[in-house]
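Asks: Mind folding the following:
(one chain, ligands or ions: 1)
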Amino acid sequence: MSTLTNDAQQTSGDQNRGSDQNPGSAQNRGSAQNHGAAVGLTADKITIRGGIPLVGRIEVKGAKNLVTKAMVAALLGETPSLLQDVPNISDVRIVRGLLEVHGVKVTEGDEPGDLILDPVGVESAHFAAIDAHAGSSRIPILFCGPLLHRLGEAFIPDLGGCRIGDRPIDFHLDVLRKFGAVVEKQPNGIRMSAPNGLKGTKVELPYPSVGATEQVLLTAVRAEGITELKGAAIEPEIMDLINILQKMGAIITVDTDRVIRIEGVERLEGYRHRALFDRNEAASWAAAALATDGDIFVGGARQSEMLTFLNVFRKVGGAFEIHDDGIRFYHPGGVLKPVIIETDVHPGFMTDWQQPLVIALTKAHGTSIVHETVYEQRFGFVDALVEMGATIQIHRECLGGHPCRFGQRNFNHSAVITGPTKLHGADIVVPDLRGGFSHLIAALSADGASTVSNVGIISRGYENFITKLRLLGADFDLEG
Ligand code: EPZ
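Replies: Sure thing, here's the model as predicted:
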């Protein structure tokens, strides 16, 4: 039975500062504990006794990778916005802090998960205040377009983000310059101004970057004239952000060839929007069900945004039932089968889905391959799995699919997983958000006890995951 502190309440005013180091910023912004502390998780180490199937029902709320951008979009409105199904995660608290230092009034609405965002009092913020709230988030770069429209200036500190690659922002800066922004690198960040306002432009992205697509959308909707974006990302979270912007008064078309056109408008109003569910969290719990021989109903999950995941889940040997209010994911018995996965942009297999699923692949009878084509260094998490008894080799070559942009460079971006192997307990330190959740799954499916440290990072993207583990029957203690 677990002993735990209730991580459900949300502490106020305790601004978390991320622990993720982004090599680019070479700056550790604080301890992971602060991540968890900001959402009420008072421990940073968990001892898990594995081997128990996870069974039960949990609910997923709004997607971390939509909600944080929707909060920024509220800056563009002349009136308040209402965002619904906002999860209690530290990335939301980081963006809330950043909005508040810029004079946006953020208050809870009537229903749980409602946030009211009132941008009427927007003002410039001092660098130190921005830096104090930026944490390990990459979201500050998306404040630039809206702030340049409202205030004519913006400042962003050096950015953080999980250690899954260099996490550059070159696409973002190129986009902002094309709109007419003046970008000045300063010792501790980047200052921007728009002396002649922002004008519609033509952009072609070298890679369908989610963040850079959001940068174009958040800047173009109020720019003068028409913007054409070629090579856009079209992830469900992007489409939901477009839904929000259209509700605000924007005019946006999405063509079949990944070309997005935006007609700038004079004025945008606040929106009322229920956020798209978090398909990454849903896939993570589905992977946990498979790896622990369990049966988890994920309330709020929807089939259409998880189509590719569901195909792979079935090919590995998992079973699922689509219901009106969620999806049941379970291990139907029998042996798990190896698969070849190539991560890609939407509608391909999402890069954030591969880490949690790798644990089930260590139990599959045969050899699986994961070719990670979105991030260059996203297999750091496998070291701990090998220590627990997994047989996983990492390679620089593009294995199992088409050559990708990392193929001819020195990046270990393909993994070969040979099973079945039994995992045994170990001491693990969580490296990043999705890798961290895969470590929880590994500990839950291993023989014996494991201690997982630095779990505060997991609070960045998984709401009340300790409470959910308890609901699903996991056996663990929180420490520290
Ligand atoms: C978003 O990151 C998500 N994060 C990621 O989820 C997700 O994995 C990723 O999109 C891909 O779907 C948020 O939305 C907060 P990208 P983002 O720009 O926008 C390169 C999670 O765990 N690139 O599509 O940063 C970049 O290095 C996180 O929830 C540049 O080279 O992703 C990467 O190789 C992890 N220059 C590729 O593009 C740039 O200026 C994809 O990045 C920007 C990106």
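Asks: Could you list the contact residues of the chain toward the ligand?
Replies: Counting by C-beta under 6 Å from any ligand atom, the residues of the chain close to the ligand are 64-65, 138, 162, 165, 167-172, 207, 209-212, 233, 235, 280, 351-352, 374-375, 433-434, 461. (Glycine included, C-beta is placed from N, CA and C.)
Asks: Can I get the buried part of the residues you listed as one ChimeraX selection?
Replies: Of the residues of the chain next to the ligand, the buried ones go into a single ChimeraX selection, burial set by 16 or more other C-beta atoms under 10 Å:
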select :64,65,138,162,165,167,169,171,172,209,210,211,212,233,235,280,351,352,374,375,433,434,461
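Asks: among the residues of the chain next to the ligand, which are in helices?
Replies: Residues of these located in helices (DSSP state H): 64-65, 170-172, 210-212, 280, 351-352, 433-434.
Asks: could I get those as CSV with distance to Ala301 and pLDDT?
Replies: Compiled in CSV, those are given as follows (distance: C-beta to C-beta, whole Å; pLDDT from 0 to 100):
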residue, distance to Ala301, pLDDT
Lys64, 15, 97
Asn65, 15, 97
Asp170, 35, 90
Phe171, 31, 94
His172, 31, 95
Val210, 20, 97
Gly211, 24, 97
Ala212, 28, 97
Asn280, 11, 98
Thr351, 19, 97
Asp352, 15, 97
Leu433, 19, 92
Arg434, 17, 94
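Asks: quick check, nearest of those to Thr256?
Replies: Nearest to Thr256 among those is Val210, at 19.1 Å by C-beta to C-beta.
Asks: Asn65 is in contact with that closest one, correct?
Replies: Yes: taking contacts as C-beta atoms under 8 Å, Val210 lies within contact range of Asn65: 7.4 Å.
Asks: quick one: which two of the ones in helices among the residues of the chain next to the ligand are the most distant?
Replies: Pairwise distances across these peak at 24.9 Å for Asp170 and Asn280 (criterion: C-beta to C-beta).
Asks: Span of stretch 363-372 from start to end?
Replies: End-to-end span of stretch 363-372 (C-alpha to C-alpha, to the nearest Å): 20 Å.
Asks: what's next to it, contact-wise?
Replies: The contact list for stretch 363-372 (C-beta atoms under 8 Å, 6 or more residues apart in numbering) reads 291, 316-317, 335-343, 351, 354, 358, 361, 378-379, 398-401, 404, 413-421, 445.
Asks: Now the buried members of those residues.
Replies: Neighbour counting over these (16+ other C-beta under 10 Å) leaves 291, 316-317, 336-339, 341-343, 351, 354, 358, 361, 378-379, 398-401, 404, 413-415, 417-419, 421, 445 as the buried ones.
Asks: from the protein, which residue is nearest to the ligand?
Replies: At 2.8 Å from the ligand, Gly211 is the closest residue in the chain, using C-beta to the nearest ligand atom.
Asks: contacting residues for the residue positioned nearest the centre of the chain?
Replies: Centroid-nearest residue in the chain, with C-alpha atoms, centre = their mean: Asn65, separated by 4.8 Å. Taking C-beta under 8 Å, 6+ apart, we find Asn65 in contact with 210, 235, 237, 278, 280.
Asks: redo that, cut-off 7 Å
Replies: Neighbouring residues of Asn65 by C-beta atoms under 7 Å, 6 or more residues apart in numbering: Glu237.
Asks: separation between it and Leu478?
Replies: For Asn65, the distance to Leu478 (C-beta to C-beta, to the nearest Å) stands at 27 Å.
Asks: cool, Leu66 as well?
Replies: The value you get for Leu66 to Leu478, if C-beta to C-beta is used, is 30 Å.
Asks: burial of Glu269, as a residue count?
Replies: Residues near Glu269, counting by other C-beta atoms under 10 Å, number 13.
Asks: how about the spatially closest residue to Arg279 that is not a sequence neighbour, secondary structure?
Replies: Distance criterion C-beta to C-beta, 6 or more residues apart in numbering; nearest residue to Arg279, sequence neighbours excluded, is Glu305 at 4.7 Å. Of the three states, Glu305 takes helix according to DSSP: H, G, I helix; E, B strand; the rest coil.
Asks: quick one on the thing from earlier: thinking the residue of the chain closest to the ligand is in contact with Val175, fair?
Replies: No: counting by C-beta atoms under 7 Å, Gly211 stays clear of Val175, with 9.9 Å between them.
Asks: Where does the record place the domain boundaries for the chain?
Replies: Taking automatic domain parsing as the reference, the chain has its domains at 26-60+278-479, 64-274.
Asks: Skipping adjacent residues, who's closest to Thr343 in space?
Replies: Nearest residue to Thr343 in three dimensions, chain neighbours excluded: Thr351, at 4.3 Å (C-beta to C-beta, 6+ apart).
Asks: doesn't Glu376 make contact with the one you found?
Replies: No: counting by C-beta under 7 Å, Thr351 does not reach Glu376; the two are 11.0 Å apart.
Asks: could you pull out the strands for the stretch 51-200 of the chain?
Replies: Using DSSP state E, counting those that start in this stretch, the strands of the stretch 51-200 of the chain run over residues 55-59, 81-84, 105-108, 115-118, 153-157, 182-186, 189-193.
Asks: can you dump the C-alpha coordinates of the second one into PDB?
Replies: Going back to what we said before, that points to strand 81-84. In PDB, the C-alpha atoms belonging to strand 81-84 read as follows (Å, rounded to 0.1, in the frame of the first residue of the first chain):
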ATOM      1  CA  SER A  81     -10.500  34.400 -22.100                       C
ATOM      2  CA  LEU A  82     -11.800  31.200 -20.300                       C
ATOM      3  CA  LEU A  83      -9.700  28.000 -20.800                       C
ATOM      4  CA  GLN A  84     -11.200  24.800 -19.500                       C
END
